[in-house]
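J.: When you get a sec, could you give me coordinates for this:
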Amino acid sequence: MADRTPKEEHYALIQKPIMTEKSTKLQYLRNQYTFRVAPHANKREIKKAVEDLFEVHVEDVNVVNVPGKIKRILGRPGRTSGWRKALVKIREGESIEIV
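T.: Coordinates of the predicted model:
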């Protein structure tokens, strides 16, 4: 990863925002934003990445490992891969523009 710039490193950590009913509700009620992050990302890295990319002040980061689900494809059992989710609380009065 020595060939990447700091901004590219942050984009590699924060993969995409998660837009569900629950995450939208958390944005308005608690000023918390939900992101899908890299499996190796820790809280400090996530905090730094969000602060640098979106220019906000992060107060708290919670991380959850979401397990994969068992699915059936053409009658054969299979499994989707697990992923990592980060809930990021930002300072009151600030917001992140997610399109």
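J.: Nearest residue to the middle of this protein?
T.: Phe35 (2.0 Å; Cα atoms, centre = their mean).
J.: how close does that residue sit to Val66?
T.: Between Phe35 and Val66 the computed distance is 12 Å (Cβ to Cβ, to the nearest Å). For the C-beta atoms, the positions are set from N, CA and C on the backbone; glycine is no exception.
J.: ok, now Asn42?
T.: Counting by Cβ to Cβ - Asn42 and Val66 are separated by 16 Å.
J.: what are the phi and psi angles of the residue nearest to the centre of the chain?
T.: phi -130, psi 150 (degrees, to the nearest 10).
J.: now swap in Leu26 and tell me
T.: phi -60, psi -30.
J.: What is the burial count for the closest residue to Val58 other than its chain neighbours?
T.: When the adjacent residues along the chain are set aside, Val58 lies closest to Lys47, with 4.6 Å between them (Cβ to Cβ, 6 or more residues apart in numbering). Neighbour count of Lys47, defined by other Cβ atoms under 10 Å: 17.
J.: Let me see the contact set for the residue lying closest to Thr20 once chain neighbours are set aside.
T.: Setting aside the residues directly before and after it, Thr20 is nearest to Thr34 in space (Cβ to Cβ, 6+ apart), at 7.7 Å. By Cβ atoms under 8 Å, 6 or more residues apart in numbering, Thr34 lies in contact with 17-18, 20, 23, 26, 85-88.
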